[in-house]
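>>> Here you go, sequence then predicted model.
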Amino acid sequence: MTIGAATAEPRETSGATTALVLRYLREHGGATAVAEALRRAGIATPADELSRPDHWIGYDTRIRLFAAATAVLDDPQTMWRVGSEALANGMNPALVLLVRAIGSPRQVYRQLPKAVAKFSTTSTMQVVESGATHATVRFRLHAGYRHSRLDCDYARGLIGMVPVVFGLPPAQVLHDECESDGYPACIYHLTWENRSRLPWRRRHAHRSSDAELLALREQLRTLQSAASDLVASEDLDAILHTIVARAAEAVLAPAYLLAVASPSGRSLVHSAGVPADEVAGLAARLLADGHLGPNAVVVDVASARRRHGRLAAIYRPGDGALGDERSMLAAYAGHAAAALDLLIALEDARLEADRAGALLALAHELAAAADETTVCAVVAKALPGVVDCSRASMLVWDPTAGALLASAGAGLDDEADDVMERTRLRAEDTPELVGMLTDRAPRVLRAATSSPVLRDLLTRIGSSDVVAVPLVAGTSFLGVAAAGWKEGEAPDVLGGDVLARLRGVGDQATTALQKARLLETVRHQASHDALTGLPNRVLFLERLTAALERPAPGERVAVLFCDLDRFKSVNDTLGHAAGDELLRQVAARLLSAVRPDDTVGRLSGDEFAVVLRGLTSGDGARSLVHRVLGCFDQPFRLEGRDVRMSGSVGVALHEDGDGGPELLLRRADAAMYEVKHVDRGADLGERSSR
């Protein structure tokens, strides 16, 4: 496993190091010195951000900052002083306490390679030999980096102060071989006192206690600050980012990885310093068993209420934790878990309130929905907020075609919406639909495992996971309500609460669809003739009124009035059932004789009328009269007998300045009665309404 950065600035130097330099600059030159050093080093990042332990910079940037600090303060010993004051000034409280807990200078020096890995990824440190009061350390930059003596000055100052943490005088550091002088590596010979004379011991013991007390106070402040930051946020993504950023204040490492479960059940991952192409695989391992190898410190992010996930500090291969850093990271993870508990409780309450509001709004909108299309649109729009899905669809069942037709959707882009609009899921092609028609049970559908037709549809609209609930009223299958998610968005468990909420919305949708279809039936019955299915007098006049109010340029509108001759004799001789059948057959023939845009209506008894649109002259009306009369050329089959019938037809043309629809209809009626009493061959009954 490699540790690196996906950003332009490589993660090669910890913010703990840059924080020391900037603090020293501020103490000895003020804010002006800090600003000038950053300017000379060509660093645009703000000082506060550079001082964060989780903010790493590249090696070249680090050396430029070292050189700039030395120049601004005009002191060639600046970097040695920065290093020598690091432990006393609380470089990192957790690290100071760890050094103290290790037990002795000798043990600390033996673990220097691990300690260096906390601050830099560009070098290797090796302890050549060590004794009770001496050690030899070999320090070498990796290939591709140019050594700077300022780096040596800083390292000498830092490692020389280790004994002070234990109440001893600083170590003597002899540095005769340096990479800057052409040697293959830097060699540091360290010697220190195991015991010192009483005055020295008291003096350094006091400094040791001060450093430890400062570290304890700083760590307490850091934990309190971290807890405050975590609790103050109300955004889950922001909290996860803060957890990763603040983890560096508990344990210094080149990289961090956090994987937790969201309130909706999805896995959320945040990282710092982990290459983008490795995050997913490492996160899966972290959640599965928590074993990322010996170069990672892994702790549970857990509270007394629940386990949220895991947090890991990751080092380069061969490096690892220094002392008992697991305990420090676990303590910090406990604060993070408590904050997540609070946020999840707030998020759950907020989600429930939002869902309750969405359900209430859905109920109000469905109560006002008067047709099937509106019902489907209202339900599709509400589903994402109620079910917590990213897209939703409503499909209605067409029993004639034996197929599901998409009626409305939400959360789909234009391309996916167009795909759904053209989709016809036929039972013979979709086993999942056959199963739903058979058992009327919900289905959890996944693109990877669905039948070919359904898999192709889900892939084209970008849904990897779908929960589909049938809409069933009694024994009638009305359609399907579906909630969908893109790849990686779906909760780990698609049953349970998700299915229960979808079913609840589905029940409301079913009731609303039933009501809409009932209203449609009532509306149809109120505006259509029950016997023939043609528009009745009310709807016919509405259509005629609309045609007269909004004619096309140059358009003339006409009304054709048709009455059956000797209809009463059919009722008297063959019965009313035969008369009804005759009217149905006449209606069918009239519909076949007129154009698609014309309206045929049954006004009463044996009276029919036609609204003719798009005429430019009387010739079109005359042609239609011939076609209507032709409807009576063939006999009608009634009660097993061929019965010949005839009809009388009158026409009235409307022109500018004429009266309204009732007047036009009366004129067509008058024209028809005039025809009844004259020779049909001499006059086809055309009459202008002028």
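Received the coordinates, thanks. Residues are numbered from 1 along each chain as shown.
>>> How about the contacts made by the residue nearest to the spatial centre of the chain?
Taking Cα atoms, centre = their mean as the criterion, Ser390 is the residue nearest the geometric centre of the chain, at 5.6 Å. If you count contacts by Cβ atoms under 8 Å, 6 or more residues apart in numbering, Ser390 has them with Pro384, Gly411, Gly484, Trp485, Lys486, Glu489. Glycine gets a C-beta too; all of them are placed from N, C-alpha and C.
>>> Near the fifth one, how many other residues are there?
Put plainly, it is Lys486. 15 (other Cβ atoms under 10 Å).
>>> The third one too?
Counted by other Cβ under 10 Å, the residues lying close to Gly484 total 30.
>>> gap between Gly647 and Glu581?
16 Å (Cβ to Cβ, to the nearest Å).
>>> coming back round to it: just the ones in strands from the contacts of Ser390, please.
Residues of these located in strands (DSSP state E): Gly484, Trp485.
>>> Now flag whichever of the contacts of Ser390 is closest to Asp289.
Glu489 (24.7 Å; Cβ to Cβ).
>>> rewinding a little: got a pLDDT number for the residue nearest to the centre of the chain?
On pLDDT, Ser390 comes in at 89.
>>> And for Leu638?
So, for Leu638, pLDDT stands at 91.
>>> go on, the one 4 residues further on?
Asp642 is assigned 92 on the pLDDT scale.
>>> picking up where we left off before, could you identify the most distant pair in the contacts of Ser390?
Largest pairwise distance in the contacts of Ser390, by Cβ to Cβ, is 12.1 Å, between Pro384 and Lys486.
>>> Between the two, which contacts overlap?
Ser390, Arg391.
>>> Kindly provide the distance from the closest residue in space to Val444 that isn't next to it in sequence to Thr510.
Among residues not flanking Val444 along the chain, Leu494 sits closest, at 5.0 Å (Cβ to Cβ, 6 or more residues apart in numbering). When distance is defined by Cβ to Cβ, Leu494 is 21 Å away from Thr510.
>>> now Met79
76 Å.
>>> Look at these two and report which has more neighbours.
Met79 (28 against 22).
>>> How about the backbone phi and psi for the more buried one?
phi -70, psi -30 (degrees, to the nearest 10).
>>> Could you report the pLDDT at it?
Model confidence at Met79, given as pLDDT, is 93.
>>> 876 is where my numbering starts, stick with that
Noted, 876 is the first residue going forward, which turns the last one into Met954.
>>> pretty sure it contacts Ala961?
No. Between Met954 and Ala961 there is no contact under Cβ atoms under 8 Å: 10.8 Å.
>>> Mutual contacts of the two, please.
Common neighbours of Met954 and Ala961 (Cβ under 8 Å, 6+ apart) are Gly1032.
>>> which parts of the helix or strand Gly1454 falls within are buried?
Following DSSP states H and E, one finds Gly1454 within helix 1451-1468. Residues of helix 1451-1468 classed as buried by neighbour count (16 or more other Cβ atoms under 10 Å): 1453-1454, 1456-1462, 1464-1466, 1468.
>>> shouldn't Lys1361 be in contact with Gly1337?
Yes. Between Lys1361 and Gly1337 there is a contact under Cβ under 8 Å: 5.7 Å.
>>> Low-confidence regions, the stretch 1076-1225 of the chain specifically.
For the stretch 1076-1225 of the chain, the stretches with pLDDT under 70 are 1076-1111, 1124, 1137-1141, 1195-1199, 1221-1224.
>>> let's go with 50 and repeat that
Low-confidence segments of the stretch 1076-1225 of the chain, defined by pLDDT under 50: 1076-1084, 1086-1092, 1094-1095, 1102, 1105-1106.
>>> All the helices of it, residue numbers only.
With DSSP state H, counting those that start in this stretch, the ranges of helices along the stretch 1076-1225 of the chain come out as 1111-1125, 1151-1163, 1200-1243.
>>> Adding mean neighbour count as columns, could you present the ones you listed in CSV?
CSV is the format used below for the helices of the stretch 1076-1225 of the chain (neighbours: other Cβ atoms under 10 Å):
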stretch, mean neighbour count
helix 1111-1125, 21
helix 1151-1163, 15
helix 1200-1243, 17
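>>> Pipe those helices into a markdown table and attach distance to Ala1316 per row.
What follows is the helices of the stretch 1076-1225 of the chain, written out as a markdown table (distance: least, Cβ to Cβ, whole Å):
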| stretch | distance to Ala1316 |
| --- | --- |
| helix 1111-1125 | 34 |
| helix 1151-1163 | 32 |
| helix 1200-1243 | 23 |
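>>> nearest to Pro1410, of the ones you listed?
helix 1200-1243 (26.5 Å).
>>> How far away from the center of its chain is the closest one?
16 Å (Cα atoms, centre = their mean, to the nearest Å).
>>> angle of that helix against helix 1111-1125?
170 degrees (axes from the mean of the first three to the mean of the last three Cα atoms, to 10 degrees).
>>> And helix 1200-1243, what does it pack against?
helix 968-977, helix 1073-1107, helix 1111-1125, strand 1171-1177, strand 1182-1189, helix 1247-1262, helix 1371-1402 (3 or more Cβ pairs under 8 Å, 6 or more residues apart in numbering; DSSP states H and E).
>>> Taking their axis directions, it and strand 1182-1189 sit at what angle?
Calculated by the same axes, to 10 degrees, helix 1200-1243 forms an angle of 140 degrees with strand 1182-1189.
>>> The spatially closest residue to Pro1426 that is not a sequence neighbour and Gly1534, how far apart?
Among residues not flanking Pro1426 along the chain, Val1432 sits closest, at 6.1 Å (Cβ to Cβ, 6+ apart). Using Cβ to Cβ, Val1432 is found at 13 Å from Gly1534.
>>> Could you check which of those two is surrounded by more residues?
Ranked by neighbour count (other Cβ under 10 Å), Val1432 and Gly1534 place Val1432 first, with 23 against 12.
>>> Next, the contact list for that one, please.
Taking Cβ under 8 Å, 6+ apart as the test, what Val1432 contacts is Leu1419, Ala1422, Leu1423, Pro1426, Val1486, Leu1487, Arg1488, Leu1490, Leu1528, His1529, Leu1539.
>>> So which of those residues belong to helices?
Leu1419, Ala1422, Leu1423, Leu1539 (DSSP state H).
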